[in-house]
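K.L.:
just the structure for this:
(chains A and B)
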Amino acid sequence: MIQHKAFLFDATRCIDCRACMVACSVENNIAMNKTRIWVAGEGLMGKYPDLQRATMVYHCMHCNHPDCLSACPVGAYTKRLDGPVEYNGDKCIGCRYCMNACPFGVPHFDYDKGIIEGAFIDKCTFCPQRVDNGMEPACVATCPTDALVYGEREDLIKEAHARIAAHPGRYVDHVYGEGENGGTSYLILSHVPFNQLGLPNMPETPVNEVSEKVMEMTIPFALTWGAVLTGVTVGAALYEKNREKKEKASAQEEKEENK
Amino acid sequence: MKANLTIHPRARLNIPPLVWILLALMGIAFVVAMARYISGIGAISDLSYSYPWGFWISFDLFTGVAISSGAFIMAGTVYILRIKKYQPLLRPSVLTAFIGYTMVAVALLVDLGHPERIWYMLIYHNPTSVLLEIGICVMSYLTVLAIEFSPVAFEGIKWEKTAHYIHKFIIPFVILGVVLSTLHQSSLGSLLLIQPTKLNLLWWTPFLPVNFFVSAISIGLAMIILESSLSSRYFKRGLETDLLDSLAKAIPIILVIYLILKFGELAWTGNLGLLFTSSWMSGLFWAEILIGVLFPMIWFSFKRNRQSPNALLFGAIVLLLGMILNRFNVSWFAVKHPDPLYYLPAFMSNVNYIPTLPEISVSIGIFAAGILAFGLAVKYLPVFNHEE
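P.N.:
Below is the predicted model:
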């Protein structure tokens, strides 16, 4: 079986140090006014003395059935068999349909660049330059509390359930990303409800399901519809000819009768 | 000898003030578009990471394509169903569509991040992408419309033989045009199918493409009424009231089908309850139903309204406003993107989207160019009142 890598993020371990953001920007040479990763949170929650904090490392979910990939008209996105969803700027036409399609709001666009510099989409790449050389992605490698870990998706799901089983009171009994949007390669454990981490409530079917089904019907529909219209055209023309003939015949009969 | 000092008055172009206004609007749009090409989309618009599509898509793409649907309806009626009495309405509707789709293409060249790569859709295909289907259909249909309209242009320059020759082979192109139109008019609805978690469930149903196709027919009929009425007023020519009467008769039938579809789908998805919430969304939904469907449905049911030029024009405008509101709702107002403050730092976020003046001026300039092109074509080519 082909190895399918994933991240596991444990919100109970995150200390909001943001070292992952720095590591990502350094590794991928991201400009100061942009970022591919963001640590989100609602700040302090609850009332003293029951105060709580929760932070979430937000970057590309690397879905198993990516909606950006499904939406892109020119196929600028690819899903690598080992997990990463990759973007190829050489094909991109800048339509931003991927941004519309992504239910997590991940892809970014260079709104500040004209056509000479070239405006592209940017998002987390899963650090293929590191992963392919046997290293962990930069954000994982730098995480001081192992809130982010990297590994085989199957193993990480098992690990996540094991953590929930070991501390049933600590976690919400759900691994976000195991089924969400058809499964993602970014799994999340949390001690607060997932929407407090900014994660949308997602069905287990990928959001592109209906649109892909409709697209499958397109060509058969077009051919059938074309055939029907051709039939109608021929039928209408024959009907018209027939009627003209009859009219001519009756006109001639009248003429003969008049004679 | 006395020199001849008489000054001959130069032939002066008599340009009406309306044309000056249109040219000025086009000029503004051109300057703004240049600024966008030099310094990026963000320099002139409020589009952001959380609102990648805004006014341009809602107005230029969704509205532009919808109001150009008259051509395939008329071409189908005249050439496929062979109801020849509608012949006088065919040419103006094909002209509207040709100009309309050209406007869509020009607007997309401003909106796309890489306008110079628009032809990549012809060489790189992703078969699951609705946008690819729309792109290819619109490109092909623009070609078909050019072929359908070319006899008029050839007649205009007195190449009757060429016009006659093209006319002989028109029917396959008409069929192709109807198929392409059916596909992309409905696919504009399919474009939103990928947003079940973002688009409000009053609008998101798996039957969005059907809704779009049915409403596009009513929009096309209303547009034919609108353009015939306006051009008859501006160019002081007669109005084909009898034909418009029988066209308008079809509108209530189509709107009833549309109404049944809309509410039937909501019942089917179990979201009828959303109709009666106090949120903006219920209000917008009812507004588009009342203005775009119920009112015109009743209005055009009365023979008196269908035979008065003023009442025809009024009904068509109301229908168009309501249906355009529908397109704006589906592509913009009812779309809720995830809260960017969670996944973006504050300096990259924009929680609300409000189109900027330069952004709107681009669309207005392109629209002005369309009106000017329509006027010029009607003035110099045999679009209305031609012999068949």
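
K.L.:
got a pLDDT number for the closest residue to A:Ser190 other than its chain neighbours?
P.N.:
Nearest residue to A:Ser190 in three dimensions, chain neighbours excluded: A:Ala11, at 4.2 Å (Cβ to Cβ, 6 or more residues apart in numbering or on different chains). Using the backbone N, CA and C atoms, a C-beta is placed for each residue, glycine as well. For A:Ala11, the pLDDT comes out at 93.

K.L.:
need the longest helix for the chain.
P.N.:
Using chain A here. When chain A is parsed with DSSP state H, its longest helix is helix A:209-258.

K.L.:
nope, chain B
P.N.:
helix B:241-269.

K.L.:
just read off the phi/psi values of the residue in the stretch 151-259 of chain A that chain B sits nearest to.
P.N.:
Taking Cβ to the nearest Cβ, chain B has its nearest neighbour within the stretch 151-259 of chain A at A:Gly198, 2.6 Å off. Here is the backbone geometry of A:Gly198 (degrees, to the nearest 10): phi 90, psi 10.

K.L.:
what sits against it?
P.N.:
For A:Gly198, the contacting residues are A:40, A:56, A:58, B:338-339, B:341-343, by Cβ atoms under 8 Å, 6 or more residues apart in numbering or on different chains.

K.L.:
buried subset of those residues?
P.N.:
A:40, A:56, A:58, B:338-339, B:342-343 (16 or more other Cβ atoms under 10 Å in any protein chain shown).

K.L.:
okay, now residue 43: neighbour count?
P.N.:
No chain specified, so I'll use chain A. Each residue near A:Gly43 was counted by other Cβ atoms under 10 Å in any protein chain shown, and the total is 8.

K.L.:
if you could check chain B rather than the one you did, that'd help
P.N.:
17.

K.L.:
pretty sure it is touching B:Arg36, no?
P.N.:
Yes - using Cβ atoms under 8 Å, B:Ala43 makes contact with B:Arg36 at a distance of 6.4 Å.

K.L.:
ok so A:Thr78 is a strand residue?
P.N.:
Yes - assessed with DSSP: H, G, I helix; E, B strand; the rest coil, A:Thr78 lies in a strand.

K.L.:
tell me the spacing between it and A:Asn29.
P.N.:
22 Å (Cβ to Cβ, to the nearest Å).

K.L.:
cool, A:Glu254 as well?
P.N.:
The value you get for A:Glu254 to A:Asn29, if Cβ to Cβ is used, is 91 Å.

K.L.:
which one's more surrounded, those two?
P.N.:
The residue with more neighbours, out of A:Glu254 and A:Asn29, is A:Glu254; 10 against 6, by other Cβ under 10 Å.

K.L.:
how near is that one to A:Glu247?
P.N.:
11 Å.

K.L.:
run through the stretch 1-150 of chain A and note the low-pLDDT ranges.
P.N.:
Scanning the stretch 1-150 of chain A for pLDDT under 70 picks out the ranges A:1-3.

K.L.:
and the residue of it closest to chain B?
P.N.:
Counting by Cβ to the nearest Cβ, the stretch 1-150 of chain A gets nearest chain B through A:Gly94, at 1.8 Å.

K.L.:
next one: the longest helix of chain A to chain centre, how far?
P.N.:
Relative to the chain's own centre, helix A:209-258 is displaced by 45 Å; criterion: Cα atoms, centre = their mean, to the nearest Å.

K.L.:
average pLDDT for that helix?
P.N.:
pLDDT averaged over helix A:209-258 gives 91.
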